[in-house]
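Q: Following is a predicted model, sequence given first.
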Amino acid sequence: MAKTQLNVRVDEGTARAARERALARGMSVNRYIEELVKQDAGEVGQTFVDAAADFMKQYESVFAEEFGDDRAGRR
């Protein structure tokens, strides 16, 4: 999907909050704002799936170490 640039003006407190929340979630401010808009537009299900995929990608090695590399359940 093509991306479109959107410029917005917010007060410094809102900008700071967006930066802090994005950082806490390990994502860019751009992605954080995009996620908020998607949630507000009713795309919460897809947002959840995307977040879960990101989580699994980030922690894949931890799960593999704890439970093994076999994803089919065979050992």
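A: That came through, no problem.
Q: Chain neighbours aside, what residue packs nearest to the spatially most central residue of the chain?
A: Residue closest to the average C-alpha location in the chain (Cα atoms, centre = their mean): Ala51, at 4.6 Å. Excluding the flanking residues, the one nearest Ala51 by Cβ to Cβ, 6 or more residues apart in numbering is Glu35, at 7.8 Å. Where C-beta positions appear, they are placed from N, C-alpha and C, glycine not excepted.
Q: Assess the claim that that neighbour and Phe48 are in contact.
A: No. Using Cβ atoms under 8 Å, Glu35 makes no contact with Phe48, being 10.2 Å away.
Q: the more surrounded of the two?
A: Between Glu35 and Phe48, Glu35 has the larger neighbour count (other Cβ atoms under 10 Å), namely 18 against 11.
Q: rewinding a little: does anything pack onto the host helix or strand of the residue nearest to the centre of the chain? Which helices or strands?
A: Element membership for Ala51 (DSSP states H and E) is helix 44-67. Where contact means 3 or more Cβ pairs under 8 Å, 6 or more residues apart in numbering; DSSP states H and E, helix 44-67 is packed against helix 29-40.
Q: Need the residues that contact the helix it packs on.
A: Applying Cβ atoms under 8 Å, 6 or more residues apart in numbering, the contact partners of helix 29-40 are Ala18, Arg19, Arg21, Ala22, Arg25, Met27, Val44, Gln46, Thr47, Asp50, Ala51.
Q: which one of the residues you listed is nearest Asp11?
A: Asp11 lies nearest to Ala18 out of those, by Cβ to Cβ, at 10.9 Å.
Q: ok, and the closest non-adjacent residue to that closest one?
A: Val29 (5.3 Å).
Q: where's the one you found relative to Arg16, distance?
A: According to Cβ to Cβ, to the nearest Å, Val29 stands 11 Å off from Arg16.
Q: Next one: Ile33 from Ala51, what distance?
A: 15 Å.
Q: ah, wrong one, I meant Val8
A: Val8 is 23 Å from Ala51, by Cβ to Cβ.
Q: circling back to that earlier point, state the pLDDT value of the residue nearest to Ala51.
A: Looking at Glu35, its pLDDT stands at 88.
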